[in-house]
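Asks: Next input, structure requested:
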Amino acid sequence: MLSGALAFESARARAEADDDRPQLAVEVIGCEQPADVQAVVALELGTSASDPHSLPAHGAVNATRAVAQCEAERALLAVTDPLTRKHVERTVELEHVHASARARVIGIAIAELVSASWFELERAPTASAPRQAPGTQRARAAALQAVRAREALWRVSLGVGPLLRLSHDANAPGIGAALQLIAQSPWSARLMFDLSGAHASRAIGLGAIEATVLALGAAGLLHAQNHPLGVHAGVGLRGGIARVRGESRDASAVREGDVSGPWLGSMLVLGGALALGEWGALQLTSELGYAFVAVRGRVDGRQAAAIDGAWVTLALSLHVML
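Replies: Okay, the predicted model is just below:
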């Protein structure tokens, strides 16, 4: 009984894994080298291209079906896509195509039709297939990833949210906000740019001291996605303008003043994201940095506050795809 239960669970796990991939069934009728046609389609789209009769029952639901039927000197192509609910057809003339190249020509033409259908998910991600089961949503995400990789499409998201900044000497936490722009490649690489500001203040024996930091940041990230969750990590640079200002309780005893200047540092970026459908995501980003160009403020000859050394920031942002 136990072995039977384990076998059932294993089969179910394989079925769920298949549902996470964009299933593609390619049927070739009357054309030479049908296996080569299927291989070209699989290579062009970066996914498997199975014969429709070999598809398991659990994979047939989300399978995009392509049929190539050769008649004389032409190939009639048809693609039916349940992910976008589209049916497209095309005729490829083969009269002037050498026999050894026909399988490749037909395969590329099929891949272009499938890619055009899947590209509809990019243009209208929610309208084309409402109220989908989780397995279908994962298949749609995989199809989008395949067409973005083939077309080398970059996507851009814009996010905004609160920010918490901690310095190495724990003078006081800085509270602020950040505006992030993330360029997502069709592969695992991302570029992140942001504009942020934070302000901190604390009391000292002779009065109070305030620090304001304005910064621009840029980082290269590697991203991994297991829909709907994703994680990213990378390195980058951050720099900007900082101002340290002191206020005295007794102006006759201690002179007030401020120091402003540029600062610059390197940083390690770690974060995660929760996809909110295909329109955006909720993202948490942390960074650990070290400022090697610093701004320091002194009171009575002693350093009271500074933008130098190590820092840690946490930023929570809501991102919208542009």
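
Asks: And the strands in the stretch 51-200 of the chain?
Replies: In the stretch 51-200 of the chain, the strands defined using DSSP state E, counting those that start in this stretch lie at 64-71, 74-81, 86-93, 155-167, 174-184, 189-204.

Asks: Could you tell me the average pLDDT over the third one, please?
Replies: In this model, strand 86-93 has a mean pLDDT of 89.

Asks: buried ones in that strand?
Replies: Residues of strand 86-93 classed as buried by neighbour count (16 or more other C-beta atoms under 10 Å): 86, 88, 92. The way it works is simple: take the backbone N, C-alpha and C, and place the C-beta from them, glycine included.

Asks: residue ranges with poor pLDDT in the stretch 201-322 of the chain?
Replies: Residue ranges of the stretch 201-322 of the chain with pLDDT under 70: 204-207, 246-257, 278, 297-306.

Asks: 50 - rerun?
Replies: Across the stretch 201-322 of the chain, the ranges flagged by pLDDT under 50 are 254.

Asks: all helices of the stretch 101-250 of the chain, in order?
Replies: Listed in chain order, the helices of the stretch 101-250 of the chain (DSSP state H, counting those that start in this stretch) span 102-123, 134-151.

Asks: looking at these, which has the lowest confidence?
Replies: Ranked by mean pLDDT, the helices of the stretch 101-250 of the chain end with helix 134-151 at the bottom, a mean of 63.

Asks: For the closest residue in space to residue 279 that isn't next to it in sequence, which residues are in contact?
Replies: Nearest residue to residue 279, sequence neighbours excluded (C-beta to C-beta, 6 or more residues apart in numbering): residue 321, at 5.7 Å. Neighbour list for residue 321: 155, 156, 157, 278, 279, 280 [criterion: C-beta atoms under 8 Å, 6 or more residues apart in numbering].

Asks: who's residue 217 bridged to?
Replies: Applying DSSP bridges to residue 217 gives these bridge partners: residue 194, residue 238.

Asks: Distance of it relative to residue 196?
Replies: According to C-beta to C-beta, to the nearest Å, residue 217 stands 7 Å off from residue 196.

Asks: Residue 313 and residue 178: what is the separation?
Replies: Distance from residue 313 to residue 178, by C-beta to C-beta: 8 Å.

Asks: what is in contact with the two at once?
Replies: Shared contacts of residue 313 and residue 178, counting by C-beta under 8 Å, 6+ apart, come down to 163, 196.

Asks: re the thing from before, highest neighbour count among the contacts of residue 321?
Replies: For those, the largest number of neighbours (other C-beta atoms under 10 Å) sits with residue 157, at 22 neighbours.

Asks: can I assume residue 43 sits in a strand?
Replies: No: counting by DSSP: H, G, I helix; E, B strand; the rest coil, one finds residue 43 to be helix, located in no strand.

Asks: In contact with it: list those residues for me.
Replies: So residue 43 contacts residue 107 (C-beta under 8 Å, 6+ apart).

Asks: Kindly report the same for residue 286.
Replies: Residue 286 touches 269, 270, 271, 312, 313, 314, 315, counting by C-beta under 8 Å, 6+ apart.

Asks: Helix or strand for it, just tell me which one.
Replies: strand 280-299 (DSSP states H and E).

Asks: what angle separates that strand from strand 174-184?
Replies: Put simply, strand 280-299 runs at 140 degrees to strand 174-184, going by axes from the mean of the first three to the mean of the last three C-alpha atoms, to 10 degrees.

Asks: Strand 280-299: which residues count as buried?
Replies: Neighbour-count burial for strand 280-299, counted by 16+ other C-beta under 10 Å, picks out 280, 281, 283, 285, 287, 289, 291, 295, 297, 299.

Asks: Also stretch 228-239?
Replies: Neighbour-count burial for stretch 228-239, with 16+ other C-beta under 10 Å as criterion, is recorded at 230, 232, 234, 236, 238, 239.
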